[in-house]
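A.B. asks: My questions are about this predicted structure, shown below with the sequence.
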Amino acid sequence: MDIYLLIILMFLIAGSIIAITSDPPVIGLFYSMLGGSIIIIIYVAMKSRKEQKELRRQRRRSKK
């Protein structure tokens with residue numbers, strides 16, 4: 001995971017914890033930060049999958 005995405009993810013998680021533990025809980029803020037966290041996790045997974053696929057292609061080409 002890129003360092004800037006990791007930092008953003010930490011801020012989103014910390015903000016969602018603050019939003020849900022405040023009195024009264026801010027449900028809209030919690031769910032928006034949760035959604036942002038999920039989007040970042042999906043983006044990183046897709047990016048990693050694409051890089052792995054490209055590496056596999058290069059390995060196959062080098063054997064021929």
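C.D. replies: Noted; the coordinates are in hand.

A.B. asks: How is Asp23 classified with respect to secondary structure?
C.D. replies: For Asp23, the assignment made with DSSP: H, G, I helix; E, B strand; the rest coil gives coil.

A.B. asks: hey, which helix is longest across the protein?
C.D. replies: Ordering each helix of the chain by length in residues (DSSP state H) puts helix 27-63 first.

A.B. asks: what's next to the helix or strand encompassing Leu9, contact-wise?
C.D. replies: According to DSSP states H and E, Leu9 maps onto helix 3-21. Applying Cβ atoms under 8 Å, 6 or more residues apart in numbering, the external contacts of helix 3-21 come out as 1, 25-27, 29-30, 33-34, 36-37, 40-41, 43-44. C-beta: built from backbone N, CA, C; applies to glycine.

A.B. asks: So which of the residues you listed is surrounded by the most neighbours?
C.D. replies: Met33 (21 neighbours; other Cβ atoms under 10 Å).

A.B. asks: where's the residue nearest to it when sequence neighbours are not counted relative to Leu29, distance?
C.D. replies: In space, and not counting its chain neighbours, Met33 is closest to Ser16: 4.0 Å by Cβ to Cβ, 6 or more residues apart in numbering. Distance, Ser16 to Leu29, using Cβ to Cβ, to the nearest Å: 8 Å.

A.B. asks: Also Leu5?
C.D. replies: Taken as Cβ to Cβ, the span from Leu5 to Leu29 is 21 Å.

A.B. asks: now Ile8
C.D. replies: From Ile8 across to Leu29, the span is 16 Å (Cβ to Cβ).

A.B. asks: Repeat that for Ser37.
C.D. replies: Ser37 is 13 Å from Leu29, where distance means Cβ to Cβ.

A.B. asks: For Ile3, give its distance to Ile27.
C.D. replies: Distance, Ile3 to Ile27, using Cβ to Cβ: 31 Å.

A.B. asks: Now stretch 8-15: buried residues?
C.D. replies: Leu9, Leu12, Gly15 (16 or more other Cβ atoms under 10 Å).

A.B. asks: pLDDT value on Met1, please?
C.D. replies: Predicted confidence (pLDDT) for Met1: 68.
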